[in-house]
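**Student:** My questions are about this predicted structure, shown below with the sequence.
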2 protein chains.
Amino acid sequence: MASHWEEFYSTHLPPTDFEDNRKLLKEFCERHNKAGQRVVLITSGGTTVPLEHNTVRFVDNFSAGTRGAASAEYFLEHGYAVIFLHRLKSLEPFTRHFTGQKFMDMLELHERGPSTTITVKPDCVDIVAPILARYKAAQEAGRILYVTFTTVSDYFWLLRASCECLAQFETKALLYLAAAVSDFYIPSSELPTHKIQSGAGAPTISLQLVPKLLAPLVSLWVPHAYVVSFKLETDESILITKARDSMNKYKHKLVIGNILQTRRNRVVFVTPENNYEIVLTREQLLSGMEIEDTIVSNIIESHTEFIAQHKY
Amino acid sequence: MASHWEEFYSTHLPPTDFEDNRKLLKEFCERHNKAGQRVVLITSGGTTVPLEHNTVRFVDNFSAGTRGAASAEYFLEHGYAVIFLHRLKSLEPFTRHFTGQKFMDMLELHERGPSTTITVKPDCVDIVAPILARYKAAQEAGRILYVTFTTVSDYFWLLRASCECLAQFETKALLYLAAAVSDFYIPSSELPTHKIQSGAGAPTISLQLVPKLLAPLVSLWVPHAYVVSFKLETDESILITKARDSMNKYKHKLVIGNILQTRRNRVVFVTPENNYEIVLTREQLLSGMEIEDTIVSNIIESHTEFIAQHKY
């Protein structure tokens, strides 16, 4: 019998732009692997579960994408090549610092006769310049690849394709699985074609469990990589147990547990050996420090050791 | 017995920033009503239905907010004051033309000794300048008020509060209800506190019908206003019937019907008297014309007649 995850791929079509993305992933990975670079795959944002084929309604997972977008900046700073596999319109590295209105408000229009120029207001330059410089450096060096998903099925296809390209990096590949992936879905074969009509009364939605890709990912797709997963809960009392269960089940390198309400200033690292917390103080938060800075530094230290241990 | 919509308000708390928004709405409406202005309330984007109190998962309605955001620009152009009641992070007027990355790519960093300046690239100025000028004009004249919602319950509270402030405009108020409001929800009292656990197997979600606010809105809250609602379907064969049913039921001024797949180039206007289509040709679409330009012009013409007819 085919495993649950194999069945998922055989019953759900790849997204329409799948082949284009696969080519981009292949080119990106080959280039950086040849250069001896380390690479990180960051997944970020929530996946959707459509309730109709012509989708008007869907179930979604709460995630603005802050964790993934911030972390991408810190990984770039440490010299990693970054594949940023994220939910369409979730936060992205660098641009996350500005909303559309903030951008517009920073601009100044100068109309002098026939020639018009637009500049960033002098008092905003200090904030924008360093972010812009880092954004452009990453773009120009081709060190970041943006790939987007919307549905949980898109995510499944793109995650596997990414892993196929990452395998060549062996221990130099880091997987940082921060996306909020749906645990439940409605199989394609059970979806109605058209928008559910309210005239027929309120519907009952029967969901099925999504296969856990962490199993084939760790054991088959990238068996030599350093894999980090995340566990988000709202109930403090079950967090560590759930994170430890996940570690025991999939036998990867690290589970980062966090609670919805405190995720910006506290996470717990669950490793095969022990647990430890990373906490930002109120002062650190107020000074503009981000917990992702510390999370990424810690992981990179462990990744470096891991690479050294596996050299032969 | 309390009606369904009254019961909804009595069992769902207002959003946390409700009083702040109510003050802003009150100030905005009083100022523009004194000036003899016409006003339009545009609702835009989809509402969410949380599946947990500490919300990790929710049901959402597909809507980027393009219709509402584009229409807001055209209403401003025609001199209306605009209340833009929209889903947090859905598209907004003016900024909708640029994503974060597009903005970054348009900027140029000039470091000359100690002084750094940032300018918009000369070849982008022609595109940015007119949009920026219109954005700034609307901001500086205080002619647009941005108010955001996320859940269907937020939307309910803010819609009623908006109507309470709009009533004073009588026939000069136009309501342009383009938001994709959920038809279904889970009552607050039936929500679990914490994230639903996948270990317990896949859940079945039982939804209830959301009360239709169009009924009290038309008959009680803004009985003199010009009210336009939208009907989105995916099945062409039921569109006109559904739109006509809505018109007969709520007895407002206009239902705009549209099909998910063709909504950018075709809509149907269903009025108390007749139906007619607005269609953009392929050439018009390619030239960058937007159907919202024609939709808004048509509505404003009818609104002008409506105001004239009701003068006494």
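**Tutor:** Ah, there it is.
**Student:** Got the phi and psi for the residue of chain A most remote from its centre?
**Tutor:** Distance to the chain centre peaks in chain A at residue A:113, reaching 47.7 Å (criterion: Cα atoms, centre = their mean). Dihedral angles of residue A:113 (phi, psi; degrees, to the nearest 10) stand at phi 60, psi -130.
**Student:** Tell me, how many residues neighbour residue A:114?
**Tutor:** 5 (other Cβ atoms under 10 Å in any protein chain shown). C-beta here means a position set from N, CA and C on the backbone, and glycine is covered the same way.
**Student:** again, but for the one 3 residues further on
**Tutor:** Taking other Cβ under 10 Å as the criterion, the count of residues near residue A:117 is 14.
**Student:** Can you report phi and psi for it?
**Tutor:** According to degrees, to the nearest 10, residue A:117 has phi -130, psi 160.
**Student:** wait, isn't it in contact with residue B:119?
**Tutor:** Yes: here residue A:117 reaches residue B:119: they are 6.5 Å apart, a contact under Cβ atoms under 8 Å.
**Student:** just to revisit the earlier point, can you give me the distance of the residue farthest from the centre of chain A to chain B?
**Tutor:** For residue A:113, the distance to chain B (Cβ to the nearest Cβ, to the nearest Å) stands at 14 Å.
**Student:** quick one: contacts for the spatially closest residue to residue A:289 that is not a sequence neighbour?
**Tutor:** In this structure, residue A:289 finds its nearest non-sequential neighbour in residue A:280, 6.3 Å apart by Cβ to Cβ, 6 or more residues apart in numbering or on different chains. Residue A:280 makes contacts with A:264-266, A:289, A:291, A:294, as judged by Cβ atoms under 8 Å, 6 or more residues apart in numbering or on different chains.
**Student:** ok, and the most crowded of those residues?
**Tutor:** Neighbour max across those (other Cβ under 10 Å) = residue A:291, 21 neighbours.
**Student:** who in the stretch 151-300 of chain A is up against chain B?
**Tutor:** By Cβ under 8 Å from any Cβ of the partner chain, the part of the stretch 151-300 of chain A that sits against chain B consists of A:180, A:182-184, A:193-196, A:198, A:201-209, A:232-235, A:260-261.
**Student:** PyMOL command for the buried members of the residues you listed?
**Tutor:** Filtering those down to the buried ones (16 or more other Cβ atoms under 10 Å in any protein chain shown) takes a single PyMOL command:
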select buried, chain A and resi 180+182+183+184+194+195+196+203+205+207+232+233+234+260
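**Student:** Now do the helices in the stretch 51-200 of chain A.
**Tutor:** According to DSSP state H, counting those that start in this stretch, the stretch 51-200 of chain A carries its helices in the segments A:66-77, A:100-106, A:122-140, A:152-166.
**Student:** re earlier: and the residues of the stretch 151-300 of chain A next to chain B, which of them are in strands?
**Tutor:** A:184, A:204-206, A:208-209, A:232-233 (DSSP state E).
**Student:** check contacts around residue A:246.
**Tutor:** Residue A:246 neighbours (Cβ under 8 Å, 6+ apart): A:214, A:229, A:231, A:255, A:270.
**Student:** export these to a markdown table and tack on secondary structure?
**Tutor:** Shown next, in a markdown table, are the contacts of residue A:246 (DSSP: H, G, I helix; E, B strand; the rest coil):
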| residue | secondary structure |
| --- | --- |
| A:214 | helix |
| A:229 | strand |
| A:231 | strand |
| A:255 | strand |
| A:270 | strand |
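**Student:** what two of the residues you listed are the furthest from one another?
**Tutor:** A:214 and A:270 (13.9 Å; Cβ to Cβ).
**Student:** what's in contact with the least confident helix or strand in chain A by mean pLDDT?
**Tutor:** Across the helices and strands of chain A, mean pLDDT, DSSP states H and E gives its lowest value to strand A:204-206, namely a mean of 80. Strand A:204-206 is contacted from outside by A:51, A:59, A:186, A:190, B:202, B:204-207, using Cβ under 8 Å, 6+ apart.
**Student:** Equivalent analysis for stretch A:157-167, please.
**Tutor:** Everything outside stretch A:157-167 that qualifies as a contact, by Cβ under 8 Å, 6+ apart, is A:9, A:12, A:14-15, A:18, A:21-22, A:25-26, A:28-30, A:39, A:41, A:43, A:83, A:85, A:147, A:149, A:173, A:175, A:213, A:217, A:221-222, A:224-225.
**Student:** And it, how far out from the chain middle?
**Tutor:** Chain-centre distance of stretch A:157-167: 14 Å, with Cα atoms, centre = their mean, to the nearest Å.
**Student:** So which of the contacts of residue A:280 sit within strands?
**Tutor:** residue A:266.
**Student:** closest to residue B:156 among the contacts of residue A:280?
**Tutor:** residue A:264 (29.3 Å).
**Student:** From what I see, that closest one and residue A:291 are in contact.
**Tutor:** Yes: contact criterion Cβ under 8 Å: residue A:264 and residue A:291 qualify, at 6.3 Å.
**Student:** No further questions, thank you.
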